[in-house]
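J.: model the structure of this input:
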Amino acid sequence: MRDLTDFFRAAGAYGQPMSIRLVIGPLALCLIGAVLTIFLLRDHTADTPARKVYPPDLVYGVLAYDLTDPAPTSYGSFVADAVHLDESGSVTEVNVSLSVDNRQDGPINAPALDELRVVTTDGAEATYLGGGWRGDPVVHARSSISGEFRFAAPPAGGMLILEYRERMTGTPIRIAVGYALEHSDASAIQSGSSH
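T.: Below you'll find the predicted structure:
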């Protein structure tokens, strides 16, 4: 019998460290999983919805993002949220709602007016009429800003492309914002009727 009790004592001595190992192993895996989850969720705060990123499309021979598609930037994303084309006057007025999402840990400046322009696919540039960013043009870490901008489309009309040229990059981000109808040039009509 002595051999049998020695066997159970040995099993008890070995069983205790074995049960501790069985508890510590899964506990360590759970802690590692929790830490990874915290780091992943840090990039997706509750107040900023995640947007799916699509590649640009070929629009009238120009690679351009679609309306509401986030265009990736060095700091986050740039989006043309909405466009309204007003054809009622002598020129087509283009009203563009823009937003910038800063995903960095530090502040950035919102795109300056000289970094934004509306052009046709033929290269004619629209005239800036007004508008700008709402509030402070500094976009704080992990936040966003929006604004409204107005342009007068070129009289020749055509496909309109919003261009944003980030200072750090050479290639502008292009977003297709609509098609303007051709308008006869008001100054040419006035000068032609005066002769």
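
J.: ok, and the closest non-adjacent residue to residue 151?
T.: residue 126 (4.0 Å; C-beta to C-beta, 6 or more residues apart in numbering). C-beta here means a position set from N, CA and C on the backbone, and glycine is covered the same way.

J.: again with residue 69
T.: residue 54 (4.9 Å).

J.: same check on residue 149?
T.: Using C-beta to C-beta, 6+ apart, the closest residue to residue 149 is residue 131 (4.1 Å).

J.: who touches the one you found in this structure?
T.: By C-beta atoms under 8 Å, 6 or more residues apart in numbering, the contact set of residue 131 is 95, 147, 148, 149, 150.

J.: domain map for the protein?
T.: 1-42, 57-187 (automatic domain parsing).

J.: quick check: which of these is buried the most?
T.: Greatest average neighbour count among the domains of the chain goes to domain 57-187 (a mean of 17), per mean count of other C-beta atoms under 10 Å.

J.: let me know the average pLDDT across that one.
T.: For domain 57-187, mean pLDDT is 93.

J.: picking that back up, for the contacts of residue 131, give me TSV that also has distance to residue 138 and secondary structure.
T.: Formatted as TSV, the contacts of residue 131 follow (distance: C-beta to C-beta, whole Å; DSSP: H, G, I helix; E, B strand; the rest coil):
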residue	distance to residue 138	secondary structure
95	24	strand
147	13	strand
148	18	strand
149	18	strand
150	23	strand
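
J.: that older thread, contact partners for the residue nearest to residue 151?
T.: 94, 117, 118, 119, 120, 151, 152, 153, 154, 160.

J.: the residue nearest to residue 69 falls within a strand, correct?
T.: No - under DSSP: H, G, I helix; E, B strand; the rest coil, residue 54 sits outside any strand and is assigned coil.

J.: for the residue nearest in space to the middle of the chain, which non-adjacent residue is spatially closest?
T.: By C-alpha atoms, centre = their mean, the chain has its centre lying nearest to residue 77, at 2.5 Å. What sits nearest to residue 77 in space, not counting adjacent residues and going by C-beta to C-beta, 6+ apart, is residue 70, at 3.8 Å.
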